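A.B. asks: Quick one: sequence and predicted model below, then my questions.
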Amino acid sequence: MELAERATILTPSLTLSIDSKAKAMKAEGIDVCSFGAGEPDFDTPEHIKAAAMASLDGGFTKYTPSSGIPELRQAISDKFKADNHIDYKPSQIIVSNGAKHSCYNAILATCQPGDEVIIPAPYWLSYPEMVRLAGADPVFVQTREENNWKMTPEEFESAMTPRTKMVIINSPGNPTGSVYSRSELEALVEIAATEDIFILSDEIYEKLTYDGTEHVSVASLSKTAYDLTITINGFSKAYAMTGWRLGYLAAPEPVARAIDAIQSHSTSNPCSFAQKGGLAALKGDQSAVEDMRAEFDLRRQYMVERLKSIARITVVEPKGAFYALANISKLGLNSTNFAEKLLSKHHVAVVPGVAFGDDRTIRLSYATGLDIIKKGLDRLEEFCKTL
Ligand SMILES: *Cc1c(COP(=O)(O)O)cnc(C)c1O
């Protein structure tokens with residue numbers, strides 16, 4: 001029995017292996033402080049849950065149009081206008097089973113064998129695997145700490161070849177927490193435009209920015225940017241809805257049509273009652289979003305201060321998302337050894353940066369309570385003293 005090559009080239013998720021070790025230790029009764037979370041620790045706001053429950057009670061339990069129910073696509077179109085200053089018609093919007101699914105659909109619809117996709121590293125670990133599943137080749141651009149982990153126009157340009165089909169921009173970024181400014185994005189768009197390269201702009205952390213940092217949508221920059229960009233967003237991070245599996249993308253009409261065709265033959269439609277929840281999320285009271293953001297911000301400030309005070313660790317202050325990426329290379333261990341020792345000896349779980357394409361770093365999520373953050377950082381500090 002032989003598996004397809006596309007299935008054998010995938011790297012098993014490193015985040016999951018550390019996570020399962022941490023869970024096994026917790027099950028044994030060990031007090032583990034976990035900085036592994038890739039999702040908000042808050043529950044979904046009540047009015048969103050109520051809307052989904054009411055739709056279930058009302059029998060909204062059947063297939064929906066493949067690209068999503070019209071009222072949700074309209075609400076997303078309105079959201080793009082109000083929040084992002086982008087004019088997307090409902091027909092340009094495809095609702096999918098999570099923003100991850102939206103990314104995958106977008107890559108499948110645009111990339112094929114022979115194509116290259118430029119991915120700034122450290123990157124969200126699913127991007128390269130999605131590119132490989134599409135038969136295309138990821139090309140990594142190592143970004144630098146002194147540039148706040150952001151790809152410069154020069155770095156982008158030097159990674160381009162005649163095969164370059166797409167560049168992925170994730171701002172605010174996971175795992176870096178970096179947020180690109182308007183002028184930084186404009187410079188990248190200018191380069192992409194010289195060769196008509198698609199821009200996949202993953203804006204899932206849009207609502208989570210700090211210190212007054214502005215989130216800028218790539219497609220809002222110019223007509224050129226709009227024509228090249230596929231904008232990804234969703235509900236998971238802003239509304240604490242990771243388990244609902246609901247996300248969306250918006251793209252120029254022909255791209256959206258192709259993506260709808262792919263989705264209609266793979267998953268049909270996103271979950272009917274989750275879509276009603278999504279509608280309530282967009283149309284209802286937004287105060288829960290700000291409450292969660294404010295809480296993340298307090299934790300961020302505490303975590304960054306603590307990390308900065310640990311000798312030989314450096315950290316770029318994250319301006320978005322809910323992660324801090326710490327450079328541990330001066331402590332003499334690679335990221336996997338560091339994470340494994342930290343977990344087994346001091347009972348703290350972090351994600352080794354090698355999973356994100358940077359073996360000098362570890363990722364700490366602050367999507368967990370301040371008490372755990374304090375205790376975990378005390379332990380991390382102790383561990384670093386032993387190295
Ligand atoms: C969490 C995350 C997503 C996907 O979220 P969904 O739960 O699939 O909506 C997409 N991109 C990045 C960078 C993420 O961290």
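C.D. replies: Done, it's in.

A.B. asks: Let me see the backbone angles for residue 280.
C.D. replies: Reported as degrees, to the nearest 10, the phi and psi values for residue 280 are phi -60, psi -40.

A.B. asks: Alpha carbons of stretch 305-317, in CSV - could you do that?
C.D. replies: As requested, the backbone C-alpha atoms of stretch 305-317 are provided in CSV (Å, rounded to 0.1, in the frame of the first residue of the first chain):
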residue,chain,number,x,y,z
GLU,A,305,9.0,43.1,30.7
ARG,A,306,9.9,39.8,32.3
LEU,A,307,11.5,38.3,29.2
LYS,A,308,13.5,41.5,28.7
SER,A,309,14.8,41.1,32.3
ILE,A,310,16.2,37.6,31.7
ALA,A,311,19.9,37.7,30.8
ARG,A,312,20.9,36.5,27.3
ILE,A,313,17.3,36.4,26.1
THR,A,314,16.2,39.0,23.6
VAL,A,315,12.6,39.7,22.6
VAL,A,316,11.1,42.1,20.1
GLU,A,317,8.1,43.8,21.6
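
A.B. asks: what about the one residue in the stretch 251-387 of the chain that gets nearest to the ligand, how many residues close to it?
C.D. replies: Relative to the ligand, the nearest point of the stretch 251-387 of the chain is residue 321 (7.1 Å; CB to the nearest ligand atom). From N, CA and C alone the C-beta is placed, and that goes for glycine too. Counted with other CB atoms under 10 Å, the burial measure for residue 321 works out to 28 neighbours.

A.B. asks: Buried residues, the regular element (helix or strand) spanning residue 131. List them.
C.D. replies: When secondary structure is defined by DSSP states H and E, residue 131 falls within helix 126-133. Along helix 126-133, these residues count as buried under the neighbour rule (16 or more other CB atoms under 10 Å): 127-133.

A.B. asks: Stretch 223-241 now?
C.D. replies: When neighbours are counted by 16+ other CB under 10 Å, the buried residues of stretch 223-241 are found to be 225-226, 228-241.

A.B. asks: Also stretch 39-59?
C.D. replies: Neighbour-count burial for stretch 39-59, counted by 16+ other CB under 10 Å, picks out 40-41, 44-45, 48, 51-52, 55.

A.B. asks: cool, stretch 59-73 as well?
C.D. replies: Along stretch 59-73, these residues count as buried under the neighbour rule (16+ other CB under 10 Å): 64, 66-69, 72-73.

A.B. asks: how much space between residue 83 and residue 203?
C.D. replies: Note on residue 83: its distance to residue 203, by CB to CB, to the nearest Å, is 10 Å.

A.B. asks: And the two? Which one has more around it.
C.D. replies: Taking neighbours as other CB under 10 Å, residue 83 and residue 203 compare with residue 203 leading, 22 against 17.

A.B. asks: Is the more buried one in contact with residue 217, as I believe?
C.D. replies: Yes. Between residue 203 and residue 217 there is a contact under CB atoms under 8 Å: 6.2 Å.

A.B. asks: residues shared between the contacts of the two?
C.D. replies: Shared between the contact lists of residue 203 and residue 217 (criterion: CB atoms under 8 Å, 6 or more residues apart in numbering) are residues 84, 231.

A.B. asks: Show residues contacting the longest helix along the chain.
C.D. replies: Ranked by residue count, the top helix of the chain under DSSP state H comes out as helix 287-309. Contacts of helix 287-309 from elsewhere in the structure, counted by CB under 8 Å, 6+ apart, are 40, 42, 45, 207-210, 238-240, 313, 315, 317-318, 322, 324, 326, 364, 366-368, 370, 373-374, 377, 381.

A.B. asks: Next step: the residues you listed restricted to helices.
C.D. replies: The subset of the contacts of helix 287-309 located in helices under the criterion DSSP H comprises 370, 373-374, 377, 381.

A.B. asks: Just the buried ones among these, please.
C.D. replies: For these, buried by 16+ other CB under 10 Å: 373, 377, 381.

A.B. asks: any chance of those in TSV, plus distance to the ligand?
C.D. replies: Putting these into TSV (distance: CB to the nearest ligand atom, whole Å) gives the following:
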residue	distance to the ligand
373	19
377	22
381	27
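
A.B. asks: just these now: which is nearest residue 345?
C.D. replies: Closest approach between those and residue 345, by CB to CB: residue 381, at 13.4 Å.

A.B. asks: Now for the nearest residue to the closest one once chain neighbours are set aside: which residues touch it?
C.D. replies: Distances taken as CB to CB, 6 or more residues apart in numbering put residue 310 closest to residue 381, at 5.4 Å, once the chain neighbours are dropped. Contacts here follow CB under 8 Å, 6+ apart; on that basis residue 310 touches 380-381, 384.

A.B. asks: swap in residue 132?
C.D. replies: 6, 9-10, 138.

A.B. asks: Drop anything exposed from those residues.
C.D. replies: Among those, those that count as buried by neighbour count (16+ other CB under 10 Å) are residue 138.

A.B. asks: Sort out for me which of the contacts of residue 132 are in helices.
C.D. replies: If you go by DSSP H, the contacts of residue 132 have residue 6 in helices.

A.B. asks: quick one: residue 196 from residue 372, how far?
C.D. replies: With the distance defined as CB to CB, residue 196 ends up 47 Å from residue 372.

A.B. asks: returning to that earlier point: now the ones in helices among the contacts of helix 287-309 as a markdown table including pLDDT?
C.D. replies: Written out in a markdown table, the entries for the ones in helices among the contacts of helix 287-309 read as follows (pLDDT from 0 to 100):
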| residue | pLDDT |
| --- | --- |
| 370 | 97 |
| 373 | 98 |
| 374 | 98 |
| 377 | 98 |
| 381 | 98 |
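
A.B. asks: How far does stretch 163-178 sit from its chain's centre?
C.D. replies: For stretch 163-178, the gap between its own C-alpha mean and the chain's C-alpha mean amounts to 9 Å (CA atoms, centre = their mean, to the nearest Å).
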